[in-house]
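Chemist: just to be clear, the model below is a prediction. Sequence and coordinates:
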Number of protein chains: 2
Amino acid sequence: MNLKDEFSSLGNYFSPRIIGEVNDQYIKVVKIKGQEVPWHNHENEDELFYVVKGTLLMEIENQPDLILKKGDLFVVKKGKNHRVSSKKECLIMLIESKTTEHTGKITSAITKSIEDQFC
Amino acid sequence: MNLKDEFSSLGNYFSPRIIGEVNDQYIKVVKIKGQEVPWHNHENEDELFYVVKGTLLMEIENQPDLILKKGDLFVVKKGKNHRVSSKKECLIMLIESKTTEHTGKITSAITKSIEDQFC
């Protein structure tokens, strides 16, 4: 599969879609525009972000902000409070444990169950 | 980290380097040119290939050959005999279990221990 092609079938912003799996991890694509992700963490799980298009602001509590650009890869370590946003459309691949809830234990307007991430 | 930058520090072809980890998986970069990977499999582990530059020939036993191009992502499922090659230089990111031996149980001229993949 081609990553860019996978984004073309995505509907809403902030709505991850599972496109495959490798061992106990899901491979997901998501498009982001704006600031809707709440501060959250994944207590026991790391989360890989890879920017396919655009620019992503990665905020991590008690750390300097990071600007991730196309081709940049970053792993948020388990337990770290974080949120991501983007002024313009940004396309991201995520790799995270099958058990990971995408907004952690925080429920917000964008929160989507794992089952719904297959759609 | 930027994936393309990570490749600039790679020495030999077919010599994976670990650049990070996400949960129980290593993130690796490797550059390939030619046909030196032996047929092999990983009995219990899937292996993710993502092409950053170039074109990769993915051969899987009893399946049609696949040509993977820049931006293409493919997961070789556990137990599948496979090998990869490229006529011209090809840059790949791999995501695989920390326990994965990159040429499976086959030892060849390119085989490198996990410890050596940190260099």
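Modeler: Ah, there it is. These numbers were taken from a predicted model, which means no experiment stands behind them.
Chemist: what does chain A have sitting close to chain B?
Modeler: A:1-4, A:20-25, A:27, A:45-48, A:50, A:52, A:69, A:71-75, A:93, A:95-97 (Cβ under 8 Å from any Cβ of the partner chain). C-beta here means a position set from N, CA and C on the backbone, and glycine is covered the same way.
Chemist: which stretches in chain A count as helices?
Modeler: Shown for chain A, the helices assigned by DSSP state H span residues A:3-8.
Chemist: nearest residue to the middle of it?
Modeler: Relative to the mean C-alpha position of chain A, the nearest C-alpha, by Cα atoms, centre = their mean, is the one of residue A:94, at 5.2 Å.
Chemist: apart from its neighbours in sequence, what residue is nearest that residue?
Modeler: Leaving aside its chain neighbours, residue A:94 sits nearest to residue A:28 (4.3 Å; criterion: Cβ to Cβ, 6 or more residues apart in numbering or on different chains).
Chemist: need the pLDDT of residue A:50.
Modeler: Residue A:50 carries a pLDDT value of 97.
Chemist: tally of neighbours for it?
Modeler: As a burial measure, residue A:50 scores 24 neighbours (other Cβ atoms under 10 Å in any protein chain shown).
Chemist: got it, and residue A:2?
Modeler: Residues lying near residue A:2 (other Cβ under 10 Å) number 14.
Chemist: what's across from it in the sheet?
Modeler: Counting by DSSP bridges, residue A:2 forms beta bridges with residue B:72.
Chemist: I'd say residue A:2 and residue B:74 touch.
Modeler: No: assessed by Cβ atoms under 8 Å, residue A:2 is found out of contact with residue B:74, at 10.0 Å.
Chemist: if any of the residues of chain A next to chain B are buried, give me the PyMOL selection for them.
Modeler: Buried members of those, defined by 16 or more other Cβ atoms under 10 Å in any protein chain shown, are picked up in PyMOL with:
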select buried, chain A and resi 3+20+21+22+23+25+27+45+46+47+48+50+52+71+72+73+74+75+93+95+96+97
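Chemist: in strands only, show me the residues of chain A next to chain B.
Modeler: Among the residues of chain A next to chain B, DSSP state E puts A:20-22, A:25, A:27, A:47-48, A:50, A:52, A:69, A:73-75, A:93, A:95-97 in strands.
Chemist: pull the residues that contact the worst-scoring helix or strand of chain A on mean pLDDT.
Modeler: Using mean pLDDT, DSSP states H and E, the weakest-scoring helix or strand in chain A turns out to be helix A:3-8, at a mean of 90. Defining contact as Cβ atoms under 8 Å, 6 or more residues apart in numbering or on different chains, one finds that helix A:3-8 is touched by A:17, A:19, A:29, A:31, A:52-53, A:91, A:93, B:50, B:71-73.
Chemist: who touches residue A:52 in this structure?
Modeler: The contact partners of residue A:52, taken as Cβ under 8 Å, 6+ apart, are A:3-4, A:7, A:29, A:70, A:91-93, B:71.
Chemist: how far away is the closest residue to residue A:89 other than its chain neighbours from residue A:15?
Modeler: Leaving out its chain neighbours, the residue that sits closest to residue A:89 by Cβ to Cβ, 6+ apart is residue A:33, at 4.7 Å. Applying Cβ to Cβ, to the nearest Å, the value for residue A:33 to residue A:15 is 12 Å.
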